[in-house]
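Q: I would like the atomic coordinates for the input below:
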Amino acid sequence: MQAEVGAALWQVEAAFVAHPVRDVLESHTPRQRPVVLAEADPLSLALSLGTTIGEPDDVRALTPWLLRAVVTDGRVDLHSVLSRIAAFWDGWGTAERTAVRDFVDTLWVALLDRHPGPGSDLPVATATSFLDDASGLGDGPARLLAIWEYKDTASADHHLAELVIDAHYGARIDARVLAWSRARPQRERLERAARRDRDEAWAGDLGAALDLSSVPPST
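A: Residues are numbered from 1 along each chain as shown. Modelled structure (predicted):
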C-alpha cells in the first residue's frame, strides 16, 4: 500500500478512536445469526451495515475498517462505502468528516500521479470512475476538480484526455465535471500536453481529446 494511503488510513483511525468497535453485530434479518466481525464479509458490511446488520453507531465505529477494505478487498467499491458513510454521518464531528474526505483526496492524488491505471492498492483505474465513485459522499466534484487543476503533471493530463474521450462516447459523467472538462483552461491544458508529449505513447489520446473537446458529447 502506498505510504500516503497508509498515512491517510492512520488519520482516519485516529479520528474515530473514541468509538469502540463491537466484536459481534446483531442481524435484523429474520433467522440470520449475529455477525462476528472477525469473520464478516467486507462486501456484506459495506452494503448492509447500519440497516440489516448492526446499528447506525456501528457505521461510525467501523468507518476505518470500511475504508481499509476499499484498498484491500477488490470486491468492495468506493462508491458503496462512501454512500454508506454519508447516509449516517449527520451529527458526526468535524474531525471525523475531515478524515474521511482527506482519505478520498489522498486516493485521488495517488490516481492522478500515475498513468496508466493504479496498482492493486487503489480501488479504481480512471479519473472517470473515481469521480463517479466519490460522488457517493454527496459533496459534489468541486474539491476534486480543484486538486486536478493543481496537479500539473503528464499523468494528470492523460487522465483528463481519457475523461474527455469517455464523455464523448457516453460514459456517465456529472454535468459539472463535463462542463469543467470542456472549459477553455482544460482545453489549453490539453494543447500544452499534446505539444510536450508529442513523442510519447499516449500522444494519440491527447490529440483525440483535443479533437473531441469541440464536439458535443454523446447523449
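
Q: how about the helix or strand harbouring residue 189 as PDB, C-alpha atoms only?
A: Of the helices and strands defined by DSSP states H and E, residue 189 is found in helix 184-196. The C-alpha coordinates for helix 184-196 follow below in PDB (Å, rounded to 0.1, in the frame of the first residue of the first chain):
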ATOM      1  CA  ARG A 184     -11.100  26.800 -22.000                       C
ATOM      2  CA  PRO A 185      -8.500  26.200 -19.300                       C
ATOM      3  CA  GLN A 186      -8.700  22.400 -19.700                       C
ATOM      4  CA  ARG A 187      -8.600  22.700 -23.500                       C
ATOM      5  CA  GLU A 188      -5.400  24.800 -23.200                       C
ATOM      6  CA  ARG A 189      -4.000  22.300 -20.800                       C
ATOM      7  CA  LEU A 190      -4.500  19.500 -23.300                       C
ATOM      8  CA  GLU A 191      -2.900  21.700 -26.000                       C
ATOM      9  CA  ARG A 192       0.200  22.200 -23.800                       C
ATOM     10  CA  ALA A 193       0.300  18.500 -23.000                       C
ATOM     11  CA  ALA A 194       0.000  17.500 -26.700                       C
ATOM     12  CA  ARG A 195       3.000  19.700 -27.500                       C
ATOM     13  CA  ARG A 196       5.000  18.400 -24.600                       C
END
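
Q: please, where are all the helices along the chain?
A: 3-15, 42-48, 56-61, 63-72, 78-86, 94-112, 127-134, 142-150, 154-168, 175-181, 184-196, 203-212 (DSSP state H).

Q: would JSON lines of these with mean pLDDT, mean neighbour count and distance to residue 36 be doable?
A: C-betas here are computed from N, CA, C, even on glycine. Output for the helices of the chain, formatted as JSON lines (pLDDT from 0 to 100; neighbours: other CB atoms under 10 Å; distance: least, CB to CB, whole Å):
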{"stretch": "helix 3-15", "mean pLDDT": "93", "mean neighbour count": "16", "distance to residue 36": "21"}
{"stretch": "helix 42-48", "mean pLDDT": "91", "mean neighbour count": "19", "distance to residue 36": "12"}
{"stretch": "helix 56-61", "mean pLDDT": "96", "mean neighbour count": "18", "distance to residue 36": "13"}
{"stretch": "helix 63-72", "mean pLDDT": "94", "mean neighbour count": "22", "distance to residue 36": "14"}
{"stretch": "helix 78-86", "mean pLDDT": "95", "mean neighbour count": "22", "distance to residue 36": "20"}
{"stretch": "helix 94-112", "mean pLDDT": "95", "mean neighbour count": "19", "distance to residue 36": "25"}
{"stretch": "helix 127-134", "mean pLDDT": "93", "mean neighbour count": "22", "distance to residue 36": "29"}
{"stretch": "helix 142-150", "mean pLDDT": "96", "mean neighbour count": "15", "distance to residue 36": "37"}
{"stretch": "helix 154-168", "mean pLDDT": "94", "mean neighbour count": "22", "distance to residue 36": "41"}
{"stretch": "helix 175-181", "mean pLDDT": "95", "mean neighbour count": "16", "distance to residue 36": "41"}
{"stretch": "helix 184-196", "mean pLDDT": "94", "mean neighbour count": "16", "distance to residue 36": "49"}
{"stretch": "helix 203-212", "mean pLDDT": "91", "mean neighbour count": "18", "distance to residue 36": "48"}
